[in-house]
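1. Mind folding the following:
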Amino acid sequence: MSALEAEALEFIRALIRIDSVNTGEASTIGDGETRAARFVQARLEDAGYETTLVEPVPGRASVIARLAGSDPDAGALVAHAHLDVVPVEVENWTYPPFGAEIHDGVLYGRGAVDMKDFAGMLLAIARAFRREGIVPRRDLIFAFFADEEAGGVWGARWIVRNRPELFAGATEAISEVGGFSIPLPGDRRAYLVATAEKGVTVATLTARGRAAHGSRPTADNAVVRVARAVAAVGAHTFPMVRTATLGRFVETWERAGGRIDDLGFAASLIDAGMRNTASPTVLTAGGKPNVIPATASAALDVRVVPGQAEAVREQLAALVDDDIEITWARDIPAIEAPTDGRLIDVLQDAITAEDPDGTVVPYLLPASTDNKHLAELGIRGYGFVPLRVPADFDVFGQFHAADERVPVEALHFGTRVTARLLREA
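-> The predicted structure is shown next:
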């Protein structure tokens with residue numbers, strides 16, 4: 001273990017021990033994000049950085065620092081991680097979720113992969129570059145955000161809209177969700193890089209009828225009609241959409257010897273990025289068992305492939321009866337960055353240096369990251385936190401899960417790869 005790897009692991013464990021749970025409800029959120037941000041800030045300043053701490057509301061702090069590069073004409077690269085984590089149900093954990101304990105070479109804790117691992121790596125690398133006088137090719141903007149798990153309202157989104165000068169000159173960004181290995185034939189590995197993210201919107205289906213006593217069934221029962229609509233949506237599979245990212249994924253995956261019909265545990269992740277999806281999540285109807293309500297509604301979490309914003313609305317409308325009202329809210333557009341270019345080449349070179357047979361494969365992330373907010377400034381975002389893991393270890397399956405964990409050796413690998421790519425990018 002090098003000094004850099006040791007310090008990265010130390011910081012990752014220290015950050016996990018800071019309870020920075022983000023429930024999404026202001027009344028139940030403490031000061032964990034600010035304590036984590038001040039932890040990062042103190043160690044950056046100890047290494048000689050000038051930092052900016054942004055705290056739009058008490059307890060919701062982010063911290064940003066910049067390291068000048070050697071090429072003033074190269075756009076800056078934002079390397080970012082979020083410091084908040086999702087809630088835990090302690091009774092479902094084998095080890096304390098904020099204990100950062102290591103057992104049999106595996107680190108357990110909330111944030112082990114989502115994403116205090118990358119935060120600790122970035123912090124250690126930033127300090128090492130300053131201590132050792134390493135000058136990267138382009139400016140590096142190290143950003144540690146609050147509130148990603150609740151949409152970035154008080155984190156990346158707030159900073160982009162209120163302090164955009166902190167990202168002056170930035171053209172690209174790197175963060176979650178990607179970089180982890182999935183198996184290829186012949187004991188080889190592919191390393192996914194998220195070059196696109198699906199858009200997010202909420203559709204609400206509403207049925208209206210006559211209120212009545214429960215003892216007298218009505219033909220226009222709103223609950224029955226909205227339930228019929230939900231069943232139709234739940235049973236539907238939207239058609240595959242061949243985006244630029246999907247095309248490059250198929251090409252790269254097959255060139256590396258992989259089979260599209262044999263993706264293993266990555267199949268659901270890749271499939272979700274191939275098509276629009278609509279998941280019924282919230283049902284609202286009535287208040288008393290003996291009253292047929294006049295209205296019933298269902299909220300759908302709709303994830304939209306790039307370029308499909310209008311098509312998905314038409315497709316959803318075609319699934320339900322004409323008398324079902326559909327309203328739309330919280331529309332966050334999809335993003336898509338180039339699947340080739342210098343940064344992709346640097347990612348591949350950095351992987352090759354540590355895993356000669358490793359192949360970087362672009363894919364479309366069906367979820368969202370803070371890269372969506374940076375996109376408002378024209379910054380192209382990529383998801384790549386490099387982790388080399390055993391063939392049967394599902395990194396994406398650790399996100400938001402009980403017993404969230406990651407092999408320690410994967411963290412060492414990620415630290416080495418990330419340091420190389422930040423130097424050369």
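
2. ok, and for the least confident helix or strand in the chain by mean pLDDT, which residues are buried?
-> Ranked by mean pLDDT, DSSP states H and E, the weakest helix or strand in the chain is helix 267-272, scoring a mean of 88. For helix 267-272, the neighbour count (16 or more other Cβ atoms under 10 Å) marks 269-270, 272 as buried. Any C-beta I mention is one placed from the backbone N, CA and C, and that applies to glycine too.

3. what sits against the residue nearest the centre of the chain?
-> Residue closest to the average C-alpha location in the chain (Cα atoms, centre = their mean): T369, at 3.9 Å. Shown in contact with T369 (Cβ atoms under 8 Å, 6 or more residues apart in numbering): 148, 175-177, 194, 197, 381, 383.

4. which of the residues you listed sit farthest apart?
-> E148 and A194 (14.5 Å; Cβ to Cβ).

5. bridging residues for L364?
-> Counting by DSSP bridges, L364 forms beta bridges with A196.

6. these two touch, right, it and F249?
-> Yes - with contact defined as Cβ atoms under 8 Å, L364 reaches F249; the gap is 7.5 Å.

7. Could you pull up the mean pLDDT of stretch 150-158?
-> Stretch 150-158 shows a mean pLDDT of 95.

8. Could I get the buried residue list for that stretch?
-> Buried, per 16+ other Cβ under 10 Å, within stretch 150-158: 150-158.

9. Please, where are all the helices along the stretch 51-200 of the chain?
-> Counting by DSSP state H, counting those that start in this stretch, one finds helices in the stretch 51-200 of the chain at the ranges 116-132, 156-162.

10. Name every strand pairing with the host helix or strand of T206 and say which way it goes.
-> Assessed by DSSP states H and E, T206 sits inside strand 199-208. Strand 199-208 sits in its sheet next to strand 295-304 (antiparallel), strand 325-332 (antiparallel), going by DSSP bridges.

11. This protein - how does it break down into domains?
-> Domain segmentation of the chain under automatic domain parsing yields 3-184+338-424, 199-239+275-332.

12. Out of the ones you listed, which one sits most buried?
-> domain 3-184+338-424 (a mean of 20; mean count of other Cβ atoms under 10 Å).

13. what about that domain, how long is it end to end?
-> Using Cα to Cα, to the nearest Å, the end-to-end distance of domain 3-184+338-424 comes out at 21 Å.

14. any idea how far that domain is from the chain center?
-> Centroid separation for domain 3-184+338-424 versus its chain: 10 Å, with Cα atoms, centre = their mean, to the nearest Å.

15. Can you report phi and psi for A112?
-> Main-chain torsions, A112, degrees, to the nearest 10: phi -60, psi -30.

16. in terms of contact, does it touch R405 like I think?
-> Yes - in this structure A112 lies within contact range of R405 using Cβ under 8 Å: 5.4 Å.

17. so what sits against both of the two?
-> Joint contacts of A112 and R405 (Cβ under 8 Å, 6+ apart) are Q398.

18. what's the closest residue to A272 other than its chain neighbours in contact with, if anything?
-> Counting by Cβ to Cβ, 6 or more residues apart in numbering, A272 lies nearest to P366, which is 3.8 Å off, once chain neighbours are set aside. P366 is in contact with 197-198, 269, 272-273, 277, 303, counting by Cβ under 8 Å, 6+ apart.

19. Could you pull out the strands in the stretch 101-250 of the chain for me?
-> With strands called from DSSP state E, counting those that start in this stretch, the stretch 101-250 of the chain shows them at 102-103, 106-108, 140-145, 170-175, 181-184, 188-197, 199-208, 212-213.

20. Kindly export the third one (C-alpha atoms) in PDB.
-> Translated: strand 140-145. What follows is strand 140-145 as a C-alpha-only set of coordinates in PDB (Å, rounded to 0.1, in the frame of the first residue of the first chain):
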ATOM      1  CA  LEU A 140      -8.600  20.600 -11.800                       C
ATOM      2  CA  ILE A 141     -11.700  21.800  -9.800                       C
ATOM      3  CA  PHE A 142     -12.200  19.500  -6.800                       C
ATOM      4  CA  ALA A 143     -15.800  19.800  -5.700                       C
ATOM      5  CA  PHE A 144     -17.400  18.100  -2.700                       C
ATOM      6  CA  PHE A 145     -21.200  18.600  -2.800                       C
END
